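Engineer: Build the 3D model from these lines:
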Amino acid sequence: MTPSSWTGGRTAFQRGTQYGDDMAGRQPGSGLANASAAAIEDLLAAVLRHDAADIDIQHGRLTYEYSIDRCGMYPDVIVGLLVEAVERLGLDVTDAVAQPLDGLGDVRASLRGGGFAWFEVKAQTKKDRFADLTQADWVRDETDLLRWLFHHDRRFAERLPKWVANLLAVPDPGRYFRGWDRDSLWLADMALVSSRAARRRAGIESTEALGEFLKRKFVVHLTREGVRIVRMSLLSPVAGILAGKPAAMQLNYANQTAASIALASPGPADRGRVQFTYHLGYPSGVVGRHKMHAVSLANGPNTIEVRP
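Structural biologist: All right, here's what the predicted structure looks like:
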């Protein structure tokens, strides 16, 4: 697919302005900056299904977002990066949608022969480097790993404010966590199926099923440095846990949060080696902001990377 196949007759700015009011109707709490991210998710879905007309529409939306400084990259560059990366990925896609009803990814692709692939999109169009991934929230608020720690780690539980503890408590921990341990629940958080309800929605009833799900899920990380697509089962901490390498965990405490939890697999969870950090117990706002570190998505033989 070439740029000429998706450029429409009107100017890019004219195409884009018709979407300005549309984005005002997005769900409360999505945030104005997320209008750009939503357009990129829709664009990825269009590229996956080779829909030139919709690529042109999303290009127009991004042109408008760029004109009001909510998108930090030229739309032509974004389209070119995603088209090349998807071509290199080589999935045989029959259809793709953004924000699928199953809630298991930002984009879901239907594959020829049956089955799905899911994509988590981290669109940081105002960041200059892949290393800025850590500044984005990977997952927020309470998760099943944090619930597990609350019930199994007294040091952690005693540090939490009561309102956070109330969010993490489950009535029957033995039953709730049956078949899951600390490391497998960290794996579930990285897969963004961070509650029992989400795992059941994905048909995940065991760590083995979670491993299979991660083979069908991808991370798409877009910055001004380029785009990377990585199969989630091949992210370094995910691959470590799947290979049976125990996670190293370090509890830390700071003034701004009740606790932070650094993890790495394999360990140790030292500076420069930490792959994921939970920040929990802010005095106001969200319960927690939890970060995947850039080292987890470092370029390697299994990473598709395209630069402008």
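Engineer: For stretch 124-132, measure first residue to last.
Structural biologist: 8 Å (Cα to Cα, to the nearest Å).
Engineer: Give me the residues contacting it.
Structural biologist: Applying Cβ atoms under 8 Å, 6 or more residues apart in numbering, the contact partners of stretch 124-132 are 36, 40, 71-73, 78, 133, 135-136, 221-226, 228, 294, 297, 299. Bear in mind the C-beta positions are built from the backbone N, C-alpha and C, glycine included.
Engineer: 6 Å - rerun?
Structural biologist: 71-73, 223-225, 294 (Cβ atoms under 6 Å, 6 or more residues apart in numbering).
Engineer: Narrow the residues you listed to those in strands?
Structural biologist: Counted as lying in strands by DSSP state E, out of the contacts of stretch 124-132, are T223.
Engineer: Including pLDDT and neighbour count, could the contacts of stretch 124-132 go into TSV?
Structural biologist: As requested, these are arranged in TSV below (pLDDT from 0 to 100; neighbours: other Cβ atoms under 10 Å):
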residue	pLDDT	neighbour count
C71	97	24
G72	97	16
M73	98	22
T223	97	22
R224	98	18
E225	97	17
A294	79	16
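Engineer: Work out the gap between the helix or strand harbouring G174 and the centre of the chain.
Structural biologist: Using DSSP states H and E, the element containing G174 is helix 173-176. Relative to its chain's centre, helix 173-176 lies at 28 Å (Cα atoms, centre = their mean, to the nearest Å).
Engineer: which element follows it toward the C-terminus?
Structural biologist: Next in sequence after helix 173-176, counting helices and strands by DSSP H and E, comes helix 182-190.
Engineer: Now the element after that next one, going C-ward?
Structural biologist: Downstream of helix 182-190, the next assigned helix or strand under DSSP H and E is helix 196-201.
Engineer: so P268 sits right up against M249, yeah?
Structural biologist: No: at 9.9 Å, P268 does not count as touching M249 under the criterion of Cβ atoms under 6 Å.
Engineer: Show me which of these two is the more surrounded one.
Structural biologist: Higher neighbour count among P268 and M249: M249, with 22 against 12, using other Cβ atoms under 10 Å.
Engineer: May I have the residues that are in contact with I304?
Structural biologist: Residues near I304 by Cβ under 6 Å, 6+ apart: 85, 88-89, 229.
Engineer: One more pass at 8 Å, please.
Structural biologist: I304 makes contact with 85, 88-89, 228-230, according to Cβ under 8 Å, 6+ apart.
Engineer: Tell me the one of those nearest S194?
Structural biologist: When the contacts of I304 are ranked by distance to S194 (Cβ to Cβ), V230 comes first, at 19.4 Å.
Engineer: Next one: the closest one from R182, what distance?
Structural biologist: Using Cβ to Cβ, to the nearest Å, we find V230 at a distance of 24 Å from R182.
Engineer: which strands and helices sit next to the helix or strand encompassing A109?
Structural biologist: Element membership for A109, per DSSP H and E: strand 107-111. Applying 3 or more Cβ pairs under 8 Å, 6 or more residues apart in numbering; DSSP states H and E, one finds that strand 107-111 contacts helix 34-48, strand 93-98, strand 116-123.
Engineer: Of the contacts of I304, which belong to helices?
Structural biologist: 85, 88-89 (DSSP state H).
Engineer: hmm, back to that, distance to V193 added to the contacts of I304, as a markdown table?
Structural biologist: As requested, the contacts of I304 are exported to a markdown table (distance: Cβ to Cβ, whole Å):
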| residue | distance to V193 |
| --- | --- |
| A85 | 24 |
| R88 | 27 |
| L89 | 22 |
| R228 | 22 |
| I229 | 20 |
| V230 | 18 |
